[in-house]
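> Generate coordinates for the sequence data below:
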Amino acid sequence: MSRIKRLIGEIHRRSLWQVLLIYCGAALVAYQAVQALTEGLGLPQWFPAFAVVLFIVGLPIVLATAFLGEVAPPTTKPAEATNLTEVGEAEAAAVHLETRRRQRLLTWRNAAATFVVVLAAWGIVATGWMLFGRGADEGATADERPSVAVLPLENMSGLEDDRYFTDGIHGELLTQLSKIGGLSVRGRTSVLEYRDRPKNLRQIGEELNARYLIEGEVQRAGGTVRINVQLIDSHADEHVFAETYYRELSVDNLLAVQREVALLIADALRTTLTVQELEQIERVPTDNLEAYDYYLRGLEFFGRSSEERDYRIAVEMFENATQLDSHFALAYARLSRTHSYIYWRFFDHSPERLQQAKDAVDRSLEIEPDLPEAHEALGFYYYMGHLDYERALQEFEIALGQQPGNVEVISGMGYVERRRGNFEVALTHLENAARLDPRDGSLQSQVGMTYALLRNYAEADAHYGRALALVPDDAEAYVARARNYVDWEGDVFKAAAVLREAADRGLDTVDHPLLGYAWVLLEMTLGENEAALARLSSGSSAAFSTQYYYVPKAMMAAEIYGQMNEPELARQHLDSAVALLEAAIQETPDDARLHSRLGIAYAMQGRVEDAIGAGERAVELLPVSTEAWRGLNPIEDLARILTMTGRHDEAIDRLEYLLSAPGFTSVAVLRSDPYWAPLRDHPRFQALLEEYE
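Purely as a prediction, here's the structure:
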């Protein structure tokens, strides 16, 4: 018992009770300040808890230093010889008081120092996160931010012609929310599939990985519009708020409703907007209702499909909008973006089309220099028009700084990194975009394609499967999955089964540049020559053309007739293909696809030097240093030309390079494809396959 008394006495003597109370009180005040700073600076939600941990760690340090710390008694001058007892007692009392004073000073000093160190440690971590972690958090997973999905709004007018208007309001509300860095907003493609589905909100929230759902209705009648919006917590199955807006039909009123809803959502989810975010949300792109209506129509056609017809109608709608309001910067930005897509997909790969894209984005930036959609469009212009990856990424970064939830910008950064050869970085961007837009089948396909380039065929197949489950009519996903089976296992029968699934879906396989070409190649491989010839003759186009290849149908027919021992028919078709390719090169002399295919055609004709020259020219026009993905195609085509012309060691040199880098060239194809049969007995070729097996 005496030990406990002594311990309590020491605690009292060293003022530990006071230190404990003051330290805890100060920590409580500091915690409230930390909470305010966390919200004001947009820090992650774990920062207040982190501060609590630091204060708890600091507490035993304060108590230990206070309890163990000792101070030396103060020195005194020697006492006078007279009255020694009295002097000694006085000096002892003075020493005791001075020791207590210094002890308390040391205790308070240690407590204050520890408190300052704790706050400094928190401040250093917070500053470091703002400098280095914010970009990754906002542009990447967004796991700690409130997750929101805006379900398609119901068109209550009863008129199908008004659907574009309702969808446009939905899309613009998504855009407004994507400007708020404190929210993780699910992409438009993922939510559109819930337009006509029975609504089990809890299930939808789980499928979209979104806690909060927004649903609503739009009714346009005459000169008025009614918009009803509800925010729902899908986990608790509770309404957070519901608002109904009746307005006269004007752009100002429509945008005011969108702004108010965005701010209500941010407030309900305890998200503090920055000054920049508020400025973005407050912007009014046009006051011309008819121009805004054309803009909404353009958005509908731009997002409808990747077909040429829809892109050209979108151009017409955006142009109508800009003619009605020559200061409609947002419409100019979307117009530029559409022109870039038409150029990129080779629907019109002319310098004039590219200049139209540049003129439109320049006009947009002239009107609003900091418009994020304009910087996004300029990024796609540099990427798709010039393969200028550095400038494209710079523009995307500017756009992402103002719209951190913009899935198209995040995925665009992935596409750029993939083309410049940073496949792992590209995969990170694309997977982050897919997390924000988890039910976008096209994004799943792109993630799968990137895994395939990295030769992770199993993961690629899994993503192709998800893409087709989400979008069963995606022709590109069928072709990609079929090719993956060939590259992975050399299994043409699995590939055929995938293409038959596409045919069962009623997808056009005659003139489709991907499906048609894949079917003819497969039928040629399986020896189904009559079926392949019938497919080639039934289409209306003269060639299968994508950004990756240009293959005259007559050239494929020549190969088939050669296999059927019909040399005259083979020669006629081959001459026709060569004439087509030479004429195309006269029109677009810098198109590497044309030179590659012409080189193969020359090799089939036995024109060795011309064939190799054309193949080498293609490699010069599209080097890997410029295009790390498409640039692989001319190298593989040159290897094929060298194989056909008997330059086997040079062919193997190219194949060795292709296997050493990410790409679609695979050991399984080199073992099974008849194009490479002349190399199979070559020791170097055999050793190469064994090395990369």
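
> Do a quick rundown of the strands in the chain.
For the chain, the strands defined by DSSP state E occupy 147-150, 154-155, 184-185, 212-221, 224-233, 238-248, 543-545, 550-552.

> so what secondary structure elements neighbour the third one?
Other helices and strands packing on strand 184-185, by 3 or more C-beta pairs under 8 Å, 6 or more residues apart in numbering; DSSP states H and E, are strand 147-150, helix 163-178. All C-beta spots, glycine's among them, are computed from the backbone N, C-alpha and C.

> ok, it: who's next to it in the sheet?
Paired strands of strand 184-185, with direction, are strand 147-150 (parallel) (DSSP bridges).

> picking that back up, could you single out the most deeply buried of the strands of the chain?
Highest mean neighbour count among the strands of the chain (mean count of other C-beta atoms under 10 Å): strand 184-185, with a mean of 29.

> pLDDT on that one, on average?
Averaged across strand 184-185, the pLDDT comes to 88.

> One more: stretch 518-533?
The average pLDDT within stretch 518-533 is 94.

> Buried residues, it. List them.
Ala518, Trp519, Val520, Leu521, Leu522, Glu523, Met524, Thr525, Glu528, Asn529, Ala532, Leu533 (16 or more other C-beta atoms under 10 Å).

> what's the answer for stretch 342-357, then?
Buried residues in stretch 342-357, counted by 16+ other C-beta under 10 Å: Ile342, Tyr343, Trp344, Arg345, Phe346, Phe347, Arg353, Leu354, Gln356, Ala357.

> Can you tell me which of these lies closest to Val416?
Trp344 (12.4 Å; C-beta to C-beta).

> Is it correct that the closest one is in contact with Arg630?
No. Contact criterion C-beta atoms under 8 Å: Trp344 and Arg630 do not qualify, at 11.4 Å.

> Give me the common contacts of these two.
Residues touching both Trp344 and Arg630 (C-beta atoms under 8 Å, 6 or more residues apart in numbering): Gln547.

> residue contacts, the residue lying closest to Asp673 once chain neighbours are set aside?
The spatially closest residue to Asp673, leaving aside those adjacent along the chain, is Thr525, at 7.8 Å (C-beta to C-beta, 6 or more residues apart in numbering). Thr525 is in contact with Val492, Asp673, Pro674, counting by C-beta under 8 Å, 6+ apart.

> Next one, pLDDT for Ser157 please.
What the model reports for Ser157 is a pLDDT of 74.

> Contact partners for it?
Residues in contact with Ser157 (C-beta under 8 Å, 6+ apart) are Thr166, Val218, Gln219, Arg220, Ala221.

> Repeat that for Asp252.
Contact partners of Asp252, counting by C-beta under 8 Å, 6+ apart, are Val284, Asp287.

> Select the helix or strand of the protein having the lowest average pLDDT value.
Every helix and strand in the chain was compared by mean pLDDT, DSSP states H and E; the lowest is helix 134-139, with a mean of 40.

> coming back round to it: any idea which of the contacts of Ser157 is the one closest to Ser250?
Taking C-beta to C-beta as the measure, Ser250 lies nearest Arg220 of the contacts of Ser157, at 12.0 Å.

> how much space is there between that closest one and Arg163?
With distances taken as C-beta to C-beta, to the nearest Å, Arg220 is found 11 Å from Arg163.

> what does Val257 give?
Distance, Val257 to Arg163, by C-beta to C-beta: 19 Å.

> Pull up the gap between Thr588 and Leu594, please.
Plainly put, Thr588 is 7 Å away from Leu594 if you go by C-beta to C-beta.

> Between these two, which is the more surrounded one?
Leu594 (28 against 14; other C-beta atoms under 10 Å).

> list the contacts for that one?
By C-beta under 8 Å, 6+ apart, the contact set of Leu594 is Tyr550, Leu581, Ala584, Ile585, Thr588.

> what's the nearest residue to Leu231 if we skip its chain neighbours?
Excluding the flanking residues, the one nearest Leu231 by C-beta to C-beta, 6+ apart is Val240, at 4.2 Å.

> you'd agree that neighbour is up against Ile232?
Yes. The pair Val240 / Ile232 is scored as a contact, 6.6 Å apart, by C-beta under 8 Å.

> if we can go back for a sec, in helices, which of the contacts of Leu594 fall?
Among the contacts of Leu594, DSSP state H puts Leu581, Ala584, Ile585 in helices.

> Just the residues contacting stretch 280-297, thanks.
Applying C-beta under 8 Å, 6+ apart, the external contacts of stretch 280-297 come out as 164-165, 167-169, 171-172, 176, 179-180, 249-252, 254-255, 259, 262-263, 273, 317-318, 320-322, 324-325, 327-331, 334, 372, 402-403.

> Just the C-alpha atoms of it, please, in PDB.
In PDB, the C-alpha atoms belonging to stretch 280-297 read as follows (Å, rounded to 0.1, in the frame of the first residue of the first chain):
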ATOM      1  CA  GLN A 280     -17.400  25.700 -63.200                       C
ATOM      2  CA  ILE A 281     -20.900  24.800 -62.000                       C
ATOM      3  CA  GLU A 282     -22.100  28.400 -62.300                       C
ATOM      4  CA  ARG A 283     -21.100  28.700 -66.000                       C
ATOM      5  CA  VAL A 284     -23.800  29.300 -68.600                       C
ATOM      6  CA  PRO A 285     -22.700  28.000 -72.000                       C
ATOM      7  CA  THR A 286     -25.400  29.700 -74.000                       C
ATOM      8  CA  ASP A 287     -28.600  31.700 -73.600                       C
ATOM      9  CA  ASN A 288     -30.100  30.500 -76.900                       C
ATOM     10  CA  LEU A 289     -32.600  27.800 -76.300                       C
ATOM     11  CA  GLU A 290     -32.700  26.600 -79.900                       C
ATOM     12  CA  ALA A 291     -28.900  26.400 -80.000                       C
ATOM     13  CA  TYR A 292     -28.900  24.400 -76.700                       C
ATOM     14  CA  ASP A 293     -31.500  22.100 -78.200                       C
ATOM     15  CA  TYR A 294     -29.300  21.300 -81.200                       C
ATOM     16  CA  TYR A 295     -26.300  20.800 -78.800                       C
ATOM     17  CA  LEU A 296     -28.300  18.200 -76.900                       C
ATOM     18  CA  ARG A 297     -29.200  16.500 -80.100                       C
END
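
> How many residues are close by Ser672?
16.

> Could I get the contacting residues of it?
Val486, Gly490, Val492.

> and the second one, what is it in contact with?
Listed by C-beta under 8 Å, 6+ apart, the contact partners of Gly490 are Ala668, Val669, Arg671, Ser672.

> Just the buried ones from these, in ChimeraX syntax?
Remark: buried members of these, expressed as a ChimeraX selection using 16+ other C-beta under 10 Å:
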select :668,669,672
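
> Closest one of the contacts of Gly490 to Val409?
Checking the contacts of Gly490 one by one against Val409 (C-beta to C-beta), the nearest turns out to be Val669, at 35.1 Å.

> ok, the closest one to Gly490 distance?
7 Å.

> Check Leu174 too.
Counting by C-beta to C-beta - Leu174 and Gly490 are separated by 44 Å.

> Ser442 too?
Taking C-beta to C-beta, one finds Ser442 at 28 Å from Gly490.

> Break the chain into its domains for me.
2-74+87-139, 148-282, 321-420, 470-691 (automatic domain parsing).
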